[in-house]
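1. only the shape, not the letters, is given here:
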């Protein structure tokens, strides 16, 4: 079966920033926040202080993954030019998303450069209160006028707007605002990361959020869902339950598998396990859509 990773990361220089300040490499695949907390970022054997496009491709080849979508966020920092360089170097295998901090005064100029000069068609907005925009900016409505201007430009170029909303209960988790965006811009393809990032206790919140965002132009990736419901060991029964709930509400045409590599692998879950538990959670007839064709259509134009 063909597999597309709809949510992966690369970086040549770690420049993370969020609620815990800056994140910088210590070496040996580990990094430290400004709070002194440490995190495993790169799995052993894939780099000491960076995780390049070539490292990701090696991981993909070792696990039978044909293509991947490169997303950006606060954990690793923004590097739009490296994303474009990687996607241009491996056009048959990689698609890259640009990233913008909407609080930049020159956000419109930035977006126009990324879209019109560099050719980006995918734009990632990591809004989470941990590693995202709301980690170091006040909470704000995702459908505020200054945000709608950005979404309108992405819609103009036929692009995709990708949102990491954080977890239910966070100020960044705004399913109602996402629905309003989708209603006001019905031609804009929207993707929500991590199936809303539910924790183990968020079953009802997940159901309400998915029902709210059950619209034709909204899709979801299920990357790192097993990590969001921690602590839970493989084969991640709660993550499986949440995937089945999403299938019941949304159907298989709106879900995409992703790894969220490299940090998820560095934290102890193999790509094989991430594939296997999802395969066990979904009907065989739906696997092709979830593992390949949905991402092919949304991100690769297939």
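-> Yep, it's here. Predicted, not measured: the structure shown is a model, and the values here were computed from it.
2. all helices for the protein, in order.
-> Using DSSP state H, the helices assigned to the chain run over residues 53-62, 80-89, 107-112, 133-136, 145-156, 175-184, 203-212, 225-228, 237-250, 263-266, 271-281, 287-288, 294-299.
3. out of those helices, deepest packed?
-> The highest mean neighbour count among the helices of the chain, using mean count of other Cβ atoms under 10 Å, belongs to helix 225-228: a mean of 24. Every C-beta, even on glycine, is put in place using the N, C-alpha and C of the backbone.
4. so what does it touch, helix or strand wise?
-> helix 237-250, helix 271-281 (3 or more Cβ pairs under 8 Å, 6 or more residues apart in numbering; DSSP states H and E).
5. before we move on, the earlier item: got the helices of the chain as CSV, with distance to residue 10 and mean pLDDT columns?
-> Below are these laid out as CSV (distance: least, Cβ to Cβ, whole Å; pLDDT from 0 to 100):
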stretch, distance to residue 10, mean pLDDT
helix 53-62, 5, 98
helix 80-89, 6, 98
helix 107-112, 21, 96
helix 133-136, 21, 94
helix 145-156, 22, 97
helix 175-184, 27, 98
helix 203-212, 29, 98
helix 225-228, 19, 97
helix 237-250, 25, 98
helix 263-266, 12, 97
helix 271-281, 15, 98
helix 287-288, 26, 98
helix 294-299, 16, 98
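6. looking at these, spot the one closest to residue 194.
-> In terms of Cβ to Cβ, the element of the helices of the chain nearest to residue 194 is helix 225-228, at 5.9 Å.
7. any chance you could list what contacts the closest one?
-> Identification of contacts with helix 225-228 by Cβ atoms under 8 Å, 6 or more residues apart in numbering yields 167, 194-195, 197-199, 232, 234, 236, 239, 242-243, 260, 264, 267, 269, 273-274, 277.
8. try it again with 7 Å
-> Here helix 225-228 makes contact (Cβ atoms under 7 Å, 6 or more residues apart in numbering) with 167, 194-195, 197-199, 236, 239, 242-243, 264, 267, 269, 274, 277.
9. among the helices and strands packed on helix 225-228, which is nearest residue 5?
-> When the helices and strands packed on helix 225-228 are ranked by proximity to residue 5 (Cβ to Cβ), helix 271-281 comes first, at 8.5 Å.
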